[in-house]
Each structure stands twice: as C-alpha cells, then as structure tokens.
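S.K.: Sharing a model prediction with you, sequence too.
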Amino acid sequence: MASVMVVMKQNNARKAEKALKEILDKADGNANGRVELKDFMTILEINGVEMDGDELASLSALFNSSGDISKNDLLVHTRSSRFWKGFIGSKNKPCSPSSKVEFFPDRSSQTELAFKLLDMNKDGFITKEEFMKVSKTLDSAQIEAVFERFDLNKDGRLSLGEFRKLMEKH
C-alpha cells in the first residue's frame, strides 16, 4: 500500500511540474524566455490560485524594473512556493473537478481580470496613472485619447462599464 502511495505522489509531482511549465510557456507569450508579472498573475487568478501578501511581495521582488523575469527563475521560485503547493494540493483531491490548468477565460472574464489588474488601488476605477503604470505599448498621448473616447462621464477614470466598452472595441 505504501508503494502505491509513493507512485501516486510521484505521478502528481510530474503533473504539477508539467502544469507549471505550461503556465510559464503561456505567460511567455512572445517566446523570449521571460515572463511578465501581469501575465503570470492573470493566469494564477484565472485558476483560483491565491497568495497572501508576503508571498506576493516575495514574488514581486523577483521581477525586474520592466516587470518581467526569466522563466527558469520563476519556475524555481514557484516550485517551492506555498501558493503553488496549495494549488496543486487542491487539484489532486478526489473531489476536485479538474486538474487541468486554464489559460484563456471567456471574453467577459478576461475583461474583468484585466480591469482588476489595472485597478491597482482596488477602488473600482482605473485612473490614467494606473493605466500608464501597466501599459508598455501606449504613451501618455495615446492613453489620453483612450480616456477622451471611453471615459463617458468625464470624471478622469474608467469604471468597469466604461472599460468593457473599450475592450469591446479592441
């Protein structure tokens, strides 16, 4: 009986390692061997992986000033983290609905996740400053244009509803 348990644990460990590598490959969208924090956090959130403040601070400290990290460094860190061990433990329970890791939620869920990531102070709105901190491709003039077009009540911030309209256009 003990040998069966050892084999099951080894099998679960292999599945966990494969799932983690799949996550990191998906998060490395441009296949440059680096992962952006926002992409990794989105995938974790989609899959219900939760981490406490200490774990988040520890993880965030590993990323460079551009907000990315090598896949290998992230793999090493995540393998030994409490949040990953907790997630894998929950996926290996017999009552768990699925051990599959999801990467792409439906459009509505993607919009809500993106909104949550952009709403850094969690006040229910996205400011130009928050948008600027996260955006790597838009300059301040382009962000101004986004707000001019989609900030319907002209309060200088985007609500979830206004953000949905923006995402429907793109």
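M.R.: Everything's here; your move. Numbering: from 1, shown residues only.

S.K.: What's the local residue count around the nearest residue to residue 67 once chain neighbours are set aside?
M.R.: Excluding the flanking residues, the one nearest residue 67 by Cβ to Cβ, 6 or more residues apart in numbering is residue 37, at 4.9 Å. (Glycine included, C-beta is placed from N, CA and C.) For residue 37, the neighbour count with other Cβ atoms under 10 Å is 20.

S.K.: Would you confirm that residue 37 contacts residue 64?
M.R.: No. Applying Cβ atoms under 8 Å, one finds residue 37 not in contact with residue 64, separated by 9.6 Å.

S.K.: what about the residue nearest to residue 67, distance to residue 85?
M.R.: Using Cβ to Cβ, to the nearest Å, residue 37 is found at 20 Å from residue 85.

S.K.: Helices along this protein, start to end?
M.R.: Remark: helices assigned in the chain by DSSP state H are 2-27, 37-46, 53-62, 71-79, 82-91, 107-118, 128-134, 140-150, 160-169.

S.K.: Name the residues of the fourth one that are buried.
M.R.: In other words, helix 71-79. 71, 74, 75, 78 (16 or more other Cβ atoms under 10 Å).

S.K.: before we move on, the earlier item: in contact with the residue nearest to residue 67, which residues?
M.R.: 59, 60, 63, 67, 68, 69 (Cβ atoms under 8 Å, 6 or more residues apart in numbering).

S.K.: For it, give its distance to residue 117.
M.R.: In terms of Cβ to Cβ, residue 37 sits 10 Å off from residue 117.

S.K.: go on, residue 125?
M.R.: On the measure of Cβ to Cβ, residue 125 and residue 117 end up 14 Å apart.

S.K.: Repeat that for residue 41.
M.R.: Applying Cβ to Cβ to residue 41 and residue 117 gives a distance of 7 Å.

S.K.: same check, this time on residue 169
M.R.: Taking Cβ to Cβ, one finds residue 169 at 19 Å from residue 117.

S.K.: Could you list the low-confidence segments of the protein?
M.R.: 1-12, 47, 88-110, 170 (pLDDT under 70).

S.K.: what about 90?
M.R.: 1-31, 34-69, 71, 74-122, 130-140, 163-170 (pLDDT under 90).

S.K.: how about the buried residues of helix 71-79, which pair is most distant?
M.R.: Maximum pairwise distance in those, criterion Cβ to Cβ, is 10.2 Å, between 71 and 78.

S.K.: so what's in contact with these two at the same time?
M.R.: In contact with both residue 71 and residue 78: residue 24, using Cβ under 8 Å, 6+ apart.

S.K.: Looking at residue 169 and residue 117, which has the bigger crowd around it?
M.R.: Taking neighbours as other Cβ under 10 Å, residue 169 and residue 117 compare with residue 117 leading, 17 against 9.
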